[in-house]
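Q: this is a predicted model, with the sequence first.
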Amino acid sequence: MSTKKIIITDPSLRDGSHACSHQITEEQLLAYAKSADETGVDYIEVGHGNGLGASSLQLGENLIEEKRMLQLARSVIHKSKLSVHVMPGFATIEREIRQAMDIGVDLFRVASHCTEADITMRHINYIRAQGKEVWGILMMTHLATKEVLLEEAQKMQSYGAKAIVLMDSAGAFLPADVESKIGHLSQHLVVPVGFHAHNNMGLSVANSLTAINAGASIVDATACGFGAGAGNTPIELLAAAMFQLKLDSNLDLYKVLETSDLARVLFAKNLPFSNSTTVVSGITGIFSGFAKIVERVSKELKVDPKDVFFELGRRKVIGGQEDLILEVASELSKKNN
Amino acid sequence: MQRKLRTAIIGTGNIGTDLLVKITRSEYLECVLCAGRNLNSPGMKKASGMNIPVSPNSIDAIIQSAGDIDLVFDATSAQDHYTNSKIFRELGLIAIDLTPSRVGKMCIPAVNMQDCLEEDNLNMVTCGGQASIPLAYAIASVNKEIEYIETISSIASRSAGPATRINLDEYLQTTEMGIKSFSNADRSKAILNLNPAVPCVDMQTTVLAKIANPDLVGTKEAILKMVAKLQTYIPGYELIVEPMIENGRLAVMVRVRGLGDYLPSFAGNLDIINCAAIAAAEAFAKKRAQA
């Protein structure tokens, strides 16, 4: 395995937002951010599950408004850098990005669906021009070939992204997919490559290690996997495996373990776990953020959430199309009656 | 019968060319000029093939022929429309603006056509605005005090050209402003998704609202009436989820299929704004006929 230092990004307070339907409290945010700031993690990402400006009826509204969330995080994060997720189509430069800059966010991770990188051009250009750090994020990357992913990543690189992260937003990757896609990008991109896993098939740690082996130098991981659907790569397990493999990072294993113990208490009611819904979500390749909404709507309309996932999979829905859950469930409910 | 209203199109991309096909079908409109920049573009070739006068001189061609034109459809860009709009006004031409410039009054034919007929510049908002604002207006007509209203549109990636992709922020701002002002909601939000699925997905638009004590029966009646009115000028507009309350939200969903005139039928987003622009131009033509 490689000898370079691996950058670790912790989006527990962003992806974890999905796990509790965007109801992270001020106490949880402050306690977790303070503790994570001591672990040596390079970046701590905060905000709504779908990033800046995504608090909505479509996806669920934030308990704490975005501005306050970022201000609170900024007040306790000193050693790590503060990061946000930005999806054009939800977030605008004038409203959300400027506000986040004023609050002092360090890193902007500008994301698009894996084939739509050109919608990030203006946002990446703007952030670069303001002298802030900006990365490009491709989501739902199980839906595109490695060649297409490289083309899209190269667009983001040309706009000024300083790193490219592939997200397995649906938890649909097998280790061979990681090796092929991350390997291809690592070979051909000038900027560092990262990987963000979901644990729908119990492969998040294995996939993250495979990514490192294939050339990734950035890995996303969250405390106890606190994230959408079946959760992300648990940072305490990744840290342990990296310790055994003597992979270098800034993580302090003890502090990571203690922070995860704290997270287990703090987020006890909403920690992700595997069940039939998350498994079906993974094999149908649906955005992990759909899980909670599918469960709620299926219960209300008395339909099988597994049927909803298979129909959503057939329609090739992407992150942001959560309104289709309602349409699909309504249709299934009509058919059943 | 009076002569048809003489219209010109400036900007001969997808929108402009599709408009041309729709104009030639109208009983009230004729196209006397297609002005663009490149005579070899597919749109220009299509226009020439239909024996429509074309010019590569863009706004100068409009200025030159102003005496023979009553109304101009501007299918250029927001930036260009800021300049063009002043020229149209000096020339005494009515302008129907298909860019998100927000220079003129926002026009949703099913909602405020009568209030627009004294204006000389109408802004057709956005595709998502044409799909969602009539629903928001119908919801507001029976529910007082909408705390918050939101609209989400998903469109096929292939129907989103370079201008749409670069102008996502303007799309969101213009759509949010439109849905808020037509529903008198306290707050509003717009979301746009580009879905690359093949075969291409149809345009789908959802309106979600937070209302203290929603009148679901009244809302359903108002929505059905509005959808029927919209279908008179947007044949591909279809209600797919009737108003329902879910998790404290009022939700309603529509699908828009295009007519497949110049653009494929999945491009309902491009079709709907053009159908609205034609309806607005025809309203001017009918008004003149009555004068």
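A: In hand now; what should we look at?
Q: up against chain A, what does the stretch 1-150 of chain B have?
A: For the stretch 1-150 of chain B, the residues in contact with chain A (C-beta under 8 Å from any C-beta of the partner chain) are B:148, B:150. Just so you know, the C-beta spots here come from the backbone N, C-alpha and C atoms, and that holds for glycine as well.
Q: please, where are all the strands along the stretch 1-150 of chain B?
A: B:5-10, B:29-35, B:54-55, B:71-74, B:94-97, B:105-106, B:121-123, B:146-156 (DSSP state E, counting those that start in this stretch).
Q: pick the most buried one from those.
A: strand B:71-74 (a mean of 28; mean count of other C-beta atoms under 10 Å in any protein chain shown).
Q: for that strand, which helices and strands make contact with it?
A: strand B:5-10, helix B:78-91, strand B:94-97, helix B:268-290 (3 or more C-beta pairs under 8 Å, 6 or more residues apart in numbering or on different chains; DSSP states H and E).
Q: ok, that strand: who's next to it in the sheet?
A: Sheet pairing for strand B:71-74, assigned by DSSP bridges, gives strand B:5-10 (parallel), strand B:94-97 (parallel).
Q: domain ranges for the chain?
A: Looking at chain A here, since you left the chain open. A:7-270, A:276-336 (automatic domain parsing).
Q: you looked at the wrong chain, it should be chain B
A: By the record's domain assignment, chain B is partitioned as B:5-124+B:271-290, B:127-266 (automatic domain parsing).
Q: now the end-to-end length of the first one.
A: So the one you mean is domain B:5-124+B:271-290. Terminal residues of domain B:5-124+B:271-290 lie 13 Å apart, using C-alpha to C-alpha, to the nearest Å.
Q: tell me who's in contact with residue 128.
A: This is for chain A. The contact partners of residue A:128, by C-beta atoms under 8 Å, 6 or more residues apart in numbering or on different chains, come to A:134, A:159-160.
Q: actually it's chain B I care about, not the one you picked
A: The neighbours of residue B:128, taking C-beta under 8 Å, 6+ apart as the test, are B:151, B:153, B:171, B:175, B:190, B:192, B:205, B:269.
Q: what about it, distance to residue A:7?
A: Going from residue B:128 to residue A:7 by C-beta to C-beta, to the nearest Å gives 38 Å.
Q: on that earlier part again, lowest-confidence stretch among the domains of chain A?
A: Ranked by mean pLDDT, the domains of chain A bottom out at domain A:276-336, with a mean of 94.
Q: top of the contacts of residue A:128 by neighbour count?
A: residue A:134 (24 neighbours; other C-beta atoms under 10 Å in any protein chain shown).
Q: ok, for that residue, nearest residue in space, not its chain neighbours?
A: Residue nearest to residue A:134 in three dimensions, not counting chain neighbours: residue A:127, with 4.1 Å by C-beta to C-beta, 6 or more residues apart in numbering or on different chains.
Q: and residue A:51, which of the domains of chain B is closest to it?
A: When these are compared by C-beta to C-beta, domain B:127-266 sits nearest residue A:51, at 12.0 Å.
Q: any idea of the mean pLDDT in that closest one?
A: Across domain B:127-266, the per-residue pLDDT values average to 95.
Q: surely residue A:192 meets residue A:218?
A: Yes: look at residue A:192 against residue A:218 with C-beta atoms under 8 Å: they come within range, at 5.7 Å.
Q: of the two, who's got more company?
A: Between residue A:192 and residue A:218, counting by other C-beta under 10 Å, residue A:218 is the more crowded of the two (22 against 19).
Q: find the nearest non-adjacent residue to that one, please.
A: Nearest in space to residue A:218, with sequence neighbours left out and distances taken as C-beta to C-beta, 6+ apart, is residue A:194 at 2.9 Å.
Q: list the contacts of the one you found.
A: A:7, A:9, A:135, A:163-166, A:211, A:216-220 are the contacts of residue A:194 under C-beta under 8 Å, 6+ apart.
Q: go again with 10 Å.
A: A:6-9, A:109, A:135-137, A:163-167, A:182, A:185, A:211, A:216-220 (C-beta atoms under 10 Å, 6 or more residues apart in numbering or on different chains).
Q: name the helix or strand for it, please.
A: strand A:193-196 (DSSP states H and E).
Q: quick one: strands adjacent to that strand?
A: Sheet pairing for strand A:193-196, assigned by DSSP bridges, gives strand A:164-167 (parallel), strand A:218-220 (parallel).
Q: what about the first one, distance to the chain center?
A: In other words, strand A:164-167. In terms of C-alpha atoms, centre = their mean, to the nearest Å, the centre of strand A:164-167 is set 9 Å apart from its chain centre.
Q: quick one: the strands in the stretch 151-291 of chain B, in order.
A: Counting by DSSP E, counting those that start in this stretch, the strands of the stretch 151-291 of chain B are B:187-195, B:203-211, B:237-246, B:249-256.
Q: from chain B, how far out is residue A:326?
A: 6 Å (C-beta to the nearest C-beta, to the nearest Å).
Q: can I assume that residue is in contact with residue A:293?
A: Yes: between residue A:326 and residue A:293 there is a contact under C-beta atoms under 10 Å: 8.6 Å.
Q: between those two, what contacts are shared?
A: With C-beta under 10 Å, 6+ apart as the test, residue A:326 and residue A:293 both reach A:58, B:246-247.
Q: got TSV for these, with distance to residue A:151 too?
A: Listed next are the shared contacts of residue A:326 and residue A:293 as TSV, based on distance: C-beta to C-beta, whole Å:
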residue	distance to residue A:151
A:58	29
B:246	39
B:247	39
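Q: which of those residues count as buried?
A: The neighbour-count criterion (16 or more other C-beta atoms under 10 Å in any protein chain shown) marks A:58, B:246 among the shared contacts of residue A:326 and residue A:293 as buried.
Q: endpoints of stretch A:81-93, how far apart?
A: By C-alpha to C-alpha, the extent of stretch A:81-93 from end to end equals 21 Å.
Q: if you could redo that for stretch A:210-219, that was the one I meant.
A: For stretch A:210-219, the first-to-last residue distance is 11 Å (C-alpha to C-alpha).
Q: okay, now the closest residue to residue B:286 other than its chain neighbours: neighbour count?
A: Using C-beta to C-beta, 6+ apart and skipping the chain neighbours, the partner closest in space to residue B:286 is residue B:28 (6.5 Å). The number of residues packed around residue B:28, counting by other C-beta under 10 Å, is 18.
Q: tell me the phi and psi of residue B:28?
A: phi -110, psi -10 (degrees, to the nearest 10).
Q: ok, now which ones touch the closest residue to chain A within the stretch 1-150 of chain B?
A: Going by C-beta to the nearest C-beta, chain A is nearest to residue B:150 of the stretch 1-150 of chain B, at 5.0 Å. By C-beta under 10 Å, 6+ apart, the contact set of residue B:150 is A:56-58, A:61, A:323, B:132, B:136, B:176, B:179, B:185, B:187-191, B:206-210, B:249, B:251.
Q: for the stretch 51-200 of chain A, just list every one of the helices.
A: Counting by DSSP state H, counting those that start in this stretch, one finds helices in the stretch 51-200 of chain A at the ranges A:66-76, A:98-103, A:121-129, A:146-159, A:175-188.
Q: of the ones you listed, which is nearest residue B:77?
A: Among the helices of the stretch 51-200 of chain A, the nearest to residue B:77 by C-beta to C-beta is helix A:121-129 (14.2 Å).
Q: okay, the angle between the closest one and helix A:146-159?
A: Between helix A:121-129 and helix A:146-159, the angle comes out at 50 degrees (axes from the mean of the first three to the mean of the last three C-alpha atoms, to 10 degrees).
Q: how far does helix A:121-129 sit from its chain's centre?
A: Worked out by C-alpha atoms, centre = their mean, helix A:121-129 lies 21 Å from the chain centre.
Q: all good on my end, thank you.
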